[in-house]
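> Let's see this in three dimensions:
(chains A and B)
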Amino acid sequence: MHIPDGILPAAVCLGGYATTGAATWYSLRKINQQENPREGIPKASLLTAAFFVASWIHIPVPPTSVHLVLNGLLGAVLGYYAFPAILIGLFFQAVMFQHGGLTTLGVNAAMMGLPALVAYHLFRLRRALGKDSRAWTGLFGFLAGAGGLGISVLISLALLITTIPAHLDVETERASIYAMSLAHVPLMALEGVFTALVVLFLQRVKPELLEGGSPLSPFPPTLGGQGGG
Amino acid sequence: MNLQLDEYSHLDSPLHRWEPRCRLIALVALMFAFSFVRDLRLLPAMLVVTATIYAVSRLPLSFLLARLRAPGFFFLMVAVLLPFLSGRTVLLRIGPLALREEGCLALLLIAVKFVSILTTGIVLFGTVPFVITIKAMRGLGLPTILTDMTLFSYRYIHEIGDDLETMETAMGLRGFRGRHPGSLGVLASLAGSILVRSYEQSERVYKAMILRGYGNRPTRPADDFQTLPGDVVALSAVLLIAAGFIAAEIILRQCGG
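I've put the predicted structure just below:
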């Protein structure tokens, strides 16, 4: 899922950076609209680190195991912080583990981050529709997780198939797009189920993490006097 | 898990001493120039430049090799598919498979660019403490929210990683093996617990930071970098090399049609 250095042409890399720049600018603008934008930073940063760590968890898919992308979950929990969080997470992966790459960071961040923002809005729909029960939260969590990964997969396949091979014929191209999309359907389902389970866990244990779908609200225990902590 | 990307930042070399902002601009420009190259005739020059930079940086070769080993899977997939799927000129037939010339050349191009860009990136982040590189990015105008978030996350990744390890050990000791799909719920709770714990920790961190005056600085602190003439000369030289690659690529593309 992470496109490494050297594969994409420079124009696509720069286009990725332009897209990521625009999306980051938009996200930061939304974040800066809060009264005190610095307040959310520690919370978003620690959650960024936590998501980074959580993506190391092996999910058993017999006979092997996979790592999840979690970009849908990131969107659902972090809201507009999800885009910078993904950008930073991918940056760490590129410099620490050489997963992805620095020239392709823009492309990868756009590929994972834009679907996360879609997932955020999808997950928030449940509030707009007034469906707040556990079943609905689980369902929207599933949609956010599966949708987040699904859109990422489509973007990455489209990018790879249209840019890499010099002389692939149309038939092979179309067949490989279908085959690879189909191969990702079970992963989407897995990502969706996992996201739904985590969201339900959070709703039970720490509902404020899901409030408004983002950590933008100030800390309720100190400011709202709701106790706890 | 080895997260140490700046374990050799204490060494002394011209690259270590280079002013961080200049180095950042120079090496990033070089990486993009590399990614622009599509003509195979430029590959030897690319390898020479990369090797020179790595030699000057005095980073041990084992450090590079350990890092090049990691990104395997994706690359392997491309390496296996391209020579057989892409192109028309058949070099060799192995049963139903045909090894094609265009695919092999495409693979060669990708492999050399990949190694060159990655090596340059490793030099960029391996020759100076990570925090300094981030400060250099802030000095070059990256938004404060991004640099603050990067530094915070970096600070806590190790701690949260240790938390995860402890929790996984605890689960293992209680008999959890996590090998069948039914364990998904438990793993989701594990991920959720990681999120909740770090969220709660962030509240304490934030309060501690407020007590120490976080957020009250009206402006950024003055730049802690000092640019010497030598830094600028090195920057210009590397930028020239990068521009040379781009110019050569354009010229070759026009000549070659």
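
> got the contact list for A:Gly21?
Residues in contact with A:Gly21 (CB atoms under 8 Å, 6 or more residues apart in numbering or on different chains) are A:Gly106. For the C-beta atoms, the positions are set from N, CA and C on the backbone; glycine is no exception.

> And it, which helix or strand is it part of?
In the assignment (DSSP states H and E), A:Gly21 maps to helix A:10-32.

> Could you give me the buried positions within that helix?
Residues of helix A:10-32 classed as buried under the neighbour-count rule (16 or more other CB atoms under 10 Å in any protein chain shown) are A:10, A:12-17, A:19-20, A:23-24, A:27-28, A:30-31.

> burial measure for B:Glu168, as a count.
The tally of other residues near B:Glu168 (other CB atoms under 10 Å in any protein chain shown) stands at 17.

> Can you list the low-confidence ranges for chain A?
Regions of chain A meeting the criterion pLDDT under 70 cover residues A:1, A:35, A:164-170, A:212-229.

> What segments of it are strands?
With DSSP state E as the criterion, chain A has strands at A:59-61, A:64-66.

> Next, report how far the first one is displaced from the centre of its chain.
The offset between the C-alpha centroid of strand A:59-61 and the centroid of the whole chain comes to 20 Å, using CA atoms, centre = their mean, to the nearest Å.

> Please apply the same query to stretch B:243-257.
Distance, stretch centre to chain centre, for stretch B:243-257: 27 Å (CA atoms, centre = their mean).

> Can you give me the buried ones in it?
The neighbour-count check on stretch B:243-257 (16+ other CB under 10 Å) flags B:Phe245, B:Ile246, B:Ala248, B:Glu249 as buried.

> Return the subset of the residues you listed lying in helices.
Applying DSSP state H to these, the entries found in helices are B:Phe245, B:Ile246, B:Ala248, B:Glu249.

> With chain A as the reference, measure out to the third one.
When you say that, I think you mean B:Ala248. Taking CB to the nearest CB, to the nearest Å as the measure, B:Ala248 and chain A are separated by 14 Å.

> could you list every residue that touches that residue?
Neighbour list for B:Ala248: B:Asp39, B:Leu42, B:Ala45 [criterion: CB under 8 Å, 6+ apart].

> What score does it have for pLDDT?
Among the per-residue scores, B:Ala248 shows a pLDDT of 95.

> Against A:Met111, how distant is it?
With distances taken as CB to CB, to the nearest Å, B:Ala248 is found 31 Å from A:Met111.

> Repeat that for the last one.
Going from B:Glu249 to A:Met111 by CB to CB gives 26 Å.

> The helix or strand containing B:Ala136: which residues count as buried?
Taking DSSP H and E as the definition, B:Ala136 sits inside helix B:130-139. Neighbour counts over helix B:130-139 (16+ other CB under 10 Å) mark B:Phe130, B:Ile132, B:Thr133, B:Ile134, B:Lys135, B:Ala136, B:Met137, B:Arg138, B:Gly139 as buried.

> so how far does stretch A:49-67 reach from one end to the other?
According to CA to CA, to the nearest Å, stretch A:49-67 extends 16 Å from its N-terminal end residue to its C-terminal end residue.

> now the helix or strand of chain B with the lowest mean pLDDT, how far from the chain's geometric center?
Every helix and strand in chain B was compared by mean pLDDT, DSSP states H and E; the lowest is helix B:72-85, with a mean of 70. Helix B:72-85 sits 21 Å away from the centroid of its parent chain (CA atoms, centre = their mean).

> And for stretch B:185-204?
For stretch B:185-204, the distance between its averaged C-alpha position and the chain's averaged C-alpha position is 28 Å (CA atoms, centre = their mean).

> Following element in sequence after the helix or strand harbouring B:Ala170, please.
Secondary structure assignment for B:Ala170, by DSSP H and E: helix B:144-173. Going down the chain from helix B:144-173, the next helix or strand is helix B:184-211, by DSSP H and E.

> before we move on, the earlier item: and the strands of chain A: which comes nearest chain B?
When the strands of chain A are compared for distance to chain B using CB to the nearest CB, the nearest one is strand A:59-61, at 5.2 Å.

> where does A:Pro4 fall, phi/psi-wise?
Per-residue torsions, A:Pro4: phi -80, psi 170 (degrees, to the nearest 10).

> Give the burial count for it, as a bare number.
24.

> Would you quantify the distance from the closest residue to it other than its chain neighbours to B:Ala136?
Closest residue to A:Pro4 apart from its sequence neighbours, by CB to CB, 6 or more residues apart in numbering or on different chains: A:Gly101 at 4.8 Å. Computed with CB to CB, the distance linking A:Gly101 and B:Ala136 is 20 Å.

> Comparing the strands of chain A, which comes out most buried?
Compared across the strands of chain A, strand A:59-61 shows the largest average neighbour count, a mean of 17 (mean count of other CB atoms under 10 Å in any protein chain shown).

> Mind giving me the packing neighbours of that one?
Using 3 or more CB pairs under 8 Å, 6 or more residues apart in numbering or on different chains; DSSP states H and E, the elements in contact with strand A:59-61 are helix A:170-205, helix B:184-211.

> still on that earlier bit, buried stuff in the helix holding B:Ala170?
Within helix B:144-173, the residues scored as buried using 16+ other CB under 10 Å are B:145-154, B:156-157, B:160-161, B:163-164, B:167-168, B:171.

> ok, A:Gly100 - how many residues close by?
Other residues lying near A:Gly100 total 27 when counted by other CB under 10 Å.
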